[in-house]
Every structure is written in C-alpha cells, then in structure tokens.
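**Q** What follows is a predicted protein model with its sequence.
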Amino acid sequence: QVQLGESGGGLVQAGGSLRLSCALSGSIFSRYAMGWFRQAPGKEREFVAHISSTGGRKDYADSVKGRFTCSRDNAKNTVYLQMNSLKPEDTAVYYCAAKYGNMGSGWRVSLQYNYWGQGTQVTVSS
C-alpha cells in the first residue's frame with residue numbers, strides 16, 4: 001500500500017524559507033511522478049510544482065516560479081520542495097501527490113494523481 005508523508009511545514013516570516021519533504025513508502029519510488037499542490041482557506045486546491053519520475057522534467061506554477069524548487073532523491077524515496085522568498089499569499093496546506101508511471105501532459109491536474117499525503121501547514125506572516 002502506497003503511503004505519502006509530508007514534513008517541514010511551519011510558521012515563517014515573509015522573505016523566509018522552508019523546505020518540505022515527502023517520503024513515499026510501500027512501492028518503488030522511482031516509478032512515480034510527483035506533484036505538489038496547496039490549498040488555502042476558502043480556495044480550491046491548486047498546482048504548485050511537478051517533477052517527473054527521473055527528475056528530468058520539472059514544472060512550476062507561475063506564482064512560485066523562480067522562488068520554489070522541486071527535487072527528488074530516488075535513493076531516499078523522497079521528494080522535496082524548497083521554498084524561498086516566501087510571501088503571505090503562500091500560506092496554505094501543502095500536499096504531495098504521486099502518479100504511477102508516465103503522466104503525459106496532465107501533471108497540473110490533481111485528479112491525475114493516484115496517491116496523496118495528509119498535508120502540511122505553511123504559514124507566512126507579514
């Protein structure tokens with residue numbers, strides 16, 4: 001049974017940094033494309049970042065491009081989201097998600113992912 005567990009969230013001042021981690025267990029991590037999504041209170045869940053199974057393809061939402069970096073360590077079964085220059089509007093619950101195999105072009109769509117973590121809260125104060 002595939003399980004995802006996020007960590008690294010917290011409270012940070014605007015301009016600060018956080019690194020989120022998401023560990024996959026129960027399957028072979030290198031076979032999964034990974035995504036990060038977030039959901040702020042009263043808003044729909046939105047795409048943040050994607051990394052392919054090999055790490056060769058990455059994609060970011062325009063709102064985080066240049067500030068966030070997604071990476072993975074297949075030896076540690078873990079995907080990371082390095083978040084720099086954080087803004088109050090980045091405040092949300094952040095979720096990692098996994099999709100087995102090739103995603104084609106739909107990596108920005110939450111319904112394309114098979115497995116989800118429980119989420120970790122990120123709060124950015126002004």
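**A** Perfect, thanks for sending it. Numbering: from 1, shown residues only.

**Q** secondary structure element for the residue nearest the centre of the chain?
**A** Taking CA atoms, centre = their mean as the criterion, residue 36 is the residue nearest the geometric centre of the chain, at 2.3 Å. Element membership for residue 36, per DSSP states H and E: strand 32-39.

**Q** Could you list every helix and strand that that strand packs against?
**A** Under the contact criterion of 3 or more CB pairs under 8 Å, 6 or more residues apart in numbering; DSSP states H and E, the helices and strands touching strand 32-39 comprise strand 18-25, strand 46-51, strand 68-73, strand 78-83, strand 92-100. C-beta: built from backbone N, CA, C; applies to glycine.

**Q** do you know which of those lies nearest residue 108?
**A** With distances scored as CB to CB, the stretch of the helices and strands packed on strand 32-39 nearest to residue 108 is strand 46-51 (4.3 Å).

**Q** Check which residues of the closest one are buried.
**A** 47-51 (16 or more other CB atoms under 10 Å).

**Q** quick check, nearest of the residues you listed to residue 82?
**A** Proximity of the buried residues of strand 46-51 to residue 82, judged by CB to CB, is greatest for residue 49, which lies at 9.9 Å.

**Q** List the contacts of residue 55.
**A** Listed by CB atoms under 8 Å, 6 or more residues apart in numbering, the contact set of residue 55 reads 71-72, 74.

**Q** Report the buried members of those residues.
**A** By neighbour count, with 16+ other CB under 10 Å, the contacts of residue 55 hold 72, 74 as buried.

**Q** Rebuild the contacts of residue 55 as TSV, extending it with pLDDT.
**A** As requested, the contacts of residue 55 are arranged in TSV below (pLDDT from 0 to 100):
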residue	pLDDT
71	98
72	97
74	95
